[in-house]
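**Student:** Fold the following, please.
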Amino acid sequence: MMFTDKPFVERVERIHERGFDVEIWDHATKDIAALVSTGATFSSMTGYVRGSLTFDQDELLKTAEQSIEVAKALNCPRLNLHGTELGEGGLPRVPQYGMSGEMWLTAAKTLTRLAELAARHDLMFVLENLNTEVDHPGVPFAKAADTYALVKAVDHPNLRMMLDLYHAQIGEGNLISLLEKTLPYIGELQVADVPGRCEPGTGEINYPAIAAALRRIGYSGTVGLEAFAQSDSELALRRFRDAFTNEEI
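**Tutor:** Numbers count the residues shown, from 1 in each chain. Sure, this is the predicted structure:
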């Protein structure tokens, strides 16, 4: 989402040169050998291509295994999941607007299988919350409360939350309390500001306060910028770095 006017491999090189790790979405559209040759450190990537937690589970597991092979080539430790397969524009290929008890049980069983698969390869799957109000209508298990409930129920060290604070602000709010509650099950954080999904400092979220809360509760994991640059990618990266390294509130 940074340097979008450049070819993809050049985007990776620029981010790497500026001292950041790199996160990617669909690996099926990427030249993996070219990405490896950049020397970049990869933090997370999408961990499946097709399938769902509640139907087409075998397809989800199959493409998760394929994703693991790519993750190992990139030395990428975390593979990202959603409640169901996303298509063009981030919309679910099969929208699901309600979640039955049977769906919850099926999703938990699928996530258990994924966690066991990850354990065999010393990797981690992370289940991301999404917002259904703006970006992803029709995605099941979308709220942070849903992903937390599922990850906690499975309770496997190779399954954690990809807690996205942009999506959580739109869908739930109360971000610092959310961080305090979910801390033991967070595998990675993602951030962007609201509205607009641009870098911290461009919207309503007080990210220096979020950063101070993360220090207070002892979070030492990765924070990923899943945001567009409001104007300039260099400025966006500086704002991102400043929001999480400045002690002043």
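**Student:** Okay, buried residues for the biggest helix by length in the chain please.
**Tutor:** Identified as the longest helix of the chain according to DSSP state H is helix 101-120. By neighbour count on 16 or more other Cβ atoms under 10 Å, the buried set for helix 101-120 is 103-104, 106-107, 110-112, 114-115, 117-118. No exception for glycine: its C-beta is placed from N, CA and C like everyone else's.
**Student:** Please identify which of these is nearest to residue 152.
**Tutor:** Nearest to residue 152 out of these is residue 111 (Cβ to Cβ; 10.9 Å).
**Student:** give the contact list for that closest one.
**Tutor:** Residue 111 sits next to 53, 81, 125, 127, 150-151, 154, 156, 159 when contact means Cβ atoms under 8 Å, 6 or more residues apart in numbering.
**Student:** so what's it closest to, chain neighbours aside?
**Tutor:** residue 154 (4.9 Å; Cβ to Cβ, 6 or more residues apart in numbering).
**Student:** Tell me who's in contact with that neighbour.
**Tutor:** 108, 111-112, 115.
**Student:** For it, give me the pLDDT.
**Tutor:** For residue 154, the pLDDT comes out at 98.
**Student:** Quick test: name the residue nearest the centre of this structure.
**Tutor:** For the chain, residue 162 is the residue whose C-alpha lies nearest the centre (Cα atoms, centre = their mean; 4.6 Å).
**Student:** Is it correct that it falls within a strand?
**Tutor:** Yes: under DSSP: H, G, I helix; E, B strand; the rest coil, residue 162 falls within a strand.
**Student:** So for it, what's the pLDDT?
**Tutor:** The model's pLDDT for residue 162 equals 98.
**Student:** just residue 171 next, same as before
**Tutor:** So residue 171 comes in at 93 (pLDDT).
**Student:** Fine by me, thanks again.
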